[in-house]
Every structure is written in C-alpha cells, then in structure tokens.
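> I would like to see how this sequence folds:
(one chain, ligands or ions: 2)
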Amino acid sequence: MKTQVGIIGSGPAGLLLSQLLHLRGIANVVLERQSREYVLGRIRAGVIEPGAVELLREARVHAWLEREGQIHEGIGISFGGRRHRIDFRALTGSCVTVYGQTEITRDLFAARDSLSGVIIHDAEDVTPHGIETDAPWLTWCKGGASHRVDCDFIAGCDGFHGVSRRSIPANVLRTFEKVYPFGWLGVLSRTPPVTREVTYNHHERGFALCSMRSETLSRYYVQCSLDDHIDEWSDDRFWEELRRRLPGDIARALVTGPSIEKSIAPLRSFVAEPMRHGRLFLAGDAAHIVPPTGAKGLNLAASDVHYLSRAFAAWYESGDAGAMDTYSDHCLRRVWKAERFSWWMTTLLHHFPENGPFGERIQLAELDYLVNSRAAMTALAENYVGLPY
Ligand code: RFL
Ligand code: PHB
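Numbers count the residues shown, from 1 in each chain. Ligands and ions are numbered 1, 2, ... in the order given. Modelled structure (predicted):
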C-alpha cells in the first residue's frame, strides 16, 4: 500500500489531521490500535476554544457542534464557601464552547467515512521505519497478517502511550515532566448540571469541578488520591464527597443519579522536544500532556494539527519545506504557554497537603486577588479562551 501521509492514532489529532489533509487533496491512511467502539467510549474533554471550533469548521465537522454545543461566556470559581464568576465575554470579547470530545470524535469518524477515508482499526504493533530517510514506511499486524504502507511523511498522533515518540532517538529527544501527587475521579451522569457554567471549586478536602455536556448530562470531578481504586468509589460516596466540597447553595441544588461512566485519571505535565524528527511529526498528546485543570489538552492537539496541516499543504502545493522546518518551534511556543497556564490553574485550585497551612493561606490570598482584580481575571480569561495560533 502507498499513501502520502501515514497517521498513527485516531484520537481527535489523527482524525482532524486526516480530514484536513483529505480536503486539501493529500492522501492519508490512519492506523488505530483500538476498535472504533473503544475509541468512541472514552469520555474526556469538554471545553473547546474558538480556535479549535474554527478548525473544526474548516474540516467541515461543525454542524453538530454548532447545533448542540453550548456557548459559555464565563466560568465559576468557588473558595471559602463563596462563588465568583469570571466573565470571558466582558474581559476578552471571546468565549468557549462546551461540547464533548466523544462527540467531536464521532463527528470526525462520520466525516471520514462519508469521504471514504481509510481508517484501519485493531492495528497491532504499529511501527514507524526509515524516519530519517525520504521514504519512511509503517508496518502493523492485523488478523494474523503483517501489513506495510509506504509514505512521504508520518504523523504521530498516538497519544501519550503511543509508539511515535519512542521512535525518536534518545540522544535527540528531550523530555520535561511534572507528576502531581493526586488524580481526578470523574463521573458522567444523566442529571441536570448543577451550575449553568463550568465551575472550579477549591476546598480544603480537595478540588472539585462541576461541568456538563448538555441540559441533561453532567460531568463532575473530584481530586482523589493516586492510591484510590475505582471500586472504592461507590456512586453514593462520590456524590457525598462532591457535595462536601461545593459552596452551600450549589451543594443544595445538586441532583444526583447513577453514574454512566466513572474513571480515575492521574495528573501530569509533560513536553517532548523537538516535535519533529526527520519525516516523523508528533502532534497532540503524543508530544505533550497538560493536567486537565486548564481544559487545554484537546485544544493543543487542535493547534498542532492546524500548523501541521498547513506545513504539509505548503510542501505538496509548492514544494516549500519552510513550515515543516519551523513546525516544532511554532507548536512549542504555544504548548509551553498552555503548560504554564495548566500548571498554574492546578496549583491554584488543588489541595497540596505537603504545602501546609502557610501554603493554604497563600492559595486563598491568590484566589482572593484573582476574583477582585480585573487584570488577574483578564489574564486567566485570555488563556482559558485560548492564545492566538
Ligand atoms: P488521544 O485522544 O489519546 O488519541 C490517541 C489515539 O492513538 C491510539 N494509539 C495507537 N494507535 C496505533 N498504534 C499505537 N501504538 C497506538 N498508541 C495509541 C489510541 O488508541 C488513541 O485512539 O490523543 P490526541 O488525539 O492527541 O488527543 C488529545 C486529547 O485526547 C487530550 O488532550 C484531552 O482529552 C485532554 N483533556 C481535555 N482537553 C481539553 O482540551 N479540554 C478539556 O476539558 C479536557 N478535559 C482531558 C480532560 C483529558 C482527561 N483524561 C482522561 C486524560 C479531562 C480528562 C479527565
Ligand atoms: C470536562 O467537562 O470534562 C472538563 C471541563 C473543564 C476542565 C476539564 C474537564 O478543565
């Protein structure tokens, strides 16, 4: 088999790249380790920046997002039992869209299918070869047989645990990492959201987040211990813990119900540099991870794909390799700013027992400063709605 761009991974980065390249007449093949049902069963991001919405529009997958997505003009922040609002529209003139990553992935699969895009699921042992040559290729196994596709370029969109990043020689790759001493326990439930806007809650028992997918579907998270096991968290225990961390008026309004999905995610900051080696380009979680507190992961995957699709287009349309050569530097400038913001939001809002009572007072002082300073709120709002591409 032969193609122009071989794409590893059918998460949002791989599918969006595949669709954008197709629309520019660039042939591509997507190799995915999991089944489609598995990929579509993952519940992840929910907050989409306007830049990512624009890219989805360019990819012609905006119809459902525009119909079902909710425009959010601000977020709530609570601490010390009181809630405050950060008004994105007033502070930046911009806002975010609340729409699930699960739905974006579903919309992207539908778009690729309708254009007869090639997505190979259940591809085992996907391996990039010849990335330092002008003729790389990918091999994989499926149904007991080995397969190969020759390509001009390989896009590694295979997430944090993928094979792409590991294919870059150790003496070339530099990684930067911070692992946080807690995780997020997330629950999806068919209940009306307790707040109209996404609300971040700082509490001495730990952070809690109230989010949503629709008028009837809620998404909640509580900070949990890394030693916690999902079986120890019955629905009742989850709702009780969430309620304790919310200000009284929100806690009283909380409607509970059976969980549809429940999972624990560790929190990590991670960046790999460079994001390109030879003919292999990394995009999305394959190159960087942010803790979810800033809602940046999916949005960074989208901005990488924006740069990468343009770089490939320039090469195929005019033989210009300039944008490929600057791809890594361009992405990393934006990535590091999102890393900083996500780290800051995490540090501001979570409970860090090791920081002691002094650290707790400093956090409360910073939160108090934030919600009373237009300058500080503007800085948060500007980053939350997304820095320019
Ligand atoms: P993905 O989504 O992990 O997709 C990678 C795909 O590659 C496949 N794969 C392989 N395929 C072939 N061969 C291999 N060897 C392979 N290894 C892996 C995988 O099966 C998978 O299908 O990466 P991508 O496309 O870069 O997308 C990144 C986003 O998924 C991620 O950044 C976000 O979900 C992060 N995130 C959030 N981002 C936001 O922008 N806003 C949010 O509100 C937000 N909330 C979240 C989040 C992530 C969370 N978790 C669970 C980590 C909330 C949570 C709880
Ligand atoms: C979500 O709705 O899943 C969500 C919202 C905001 C975040 C993280 C996750 O910061």
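
> which bits of the stretch 51-200 of the chain sit near ligand 2?
The stretch 51-200 of the chain comes close to ligand 2 at residues Val198, as judged by Cβ under 6 Å from any ligand atom. All C-beta spots, glycine's among them, are computed from the backbone N, C-alpha and C.

> doesn't Ala45 make contact with Ser295?
Actually, residue 295 is Ala rather than Ser. Yes: using Cβ atoms under 8 Å, Ala295 is in contact with Ala45, at 6.7 Å.

> Among the two, which residue is more densely surrounded?
Counted by other Cβ atoms under 10 Å, Ala295 and Ala45 do not tie: Ala295 has more neighbours, with 26 against 23.

> and Pro128, what pLDDT?
With respect to pLDDT, Pro128 scores 98.

> and if you look at Ile43?
83.

> List the contacts of it.
Gly100, Gln101, Thr102, Gly186, Leu188, Arg219, Glu261, Ser263 (Cβ atoms under 8 Å, 6 or more residues apart in numbering).

> Just the closest residue of the stretch 51-200 of the chain to ligand 1, please.
Per Cβ to the nearest ligand atom, the residue of the stretch 51-200 of the chain with the smallest distance to ligand 1 is Gly159, at 2.8 Å.

> quick revisit: show me which of the contacts of Ile43 neighbour ligand 1.
Applying Cβ under 6 Å from any ligand atom to these, those adjacent to ligand 1 are Gln101, Gly186.

> Give me the buried entries from the contacts of Ile43.
Taking 16 or more other Cβ atoms under 10 Å as the criterion, what is buried in the contacts of Ile43 is Gly100, Gln101, Thr102, Gly186, Leu188, Arg219, Ser263.

> With secondary structure and distance to Leu20 as added columns, please give those residues in a markdown table.
Formatted as a markdown table, the buried ones among the contacts of Ile43 follow (DSSP: H, G, I helix; E, B strand; the rest coil; distance: Cβ to Cβ, whole Å):
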| residue | secondary structure | distance to Leu20 |
| --- | --- | --- |
| Gly100 | coil | 21 |
| Gln101 | helix | 17 |
| Thr102 | helix | 20 |
| Gly186 | strand | 30 |
| Leu188 | strand | 29 |
| Arg219 | strand | 28 |
| Ser263 | strand | 30 |
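
> which one among the contacts of Ile43 gets closest to Ala52?
Top of the list for closeness to Ala52, among these and by Cβ to Cβ, is Gln101 at 10.5 Å.

> ok, now which ones touch Val305?
Taking Cβ under 8 Å, 6+ apart, we find Val305 in contact with Ala13, Leu16, Leu17, Leu20, Leu55, Ala283, Gly284.

> Where does it sit, in terms of helix or strand?
helix 297-318 (DSSP states H and E).

> And for His351?
Here His351 is assigned to no helix or strand, by DSSP H and E.

> Isn't it up against Phe207?
Yes: in this structure, His351 is within contact of Phe207 by Cβ under 8 Å, at 6.5 Å.
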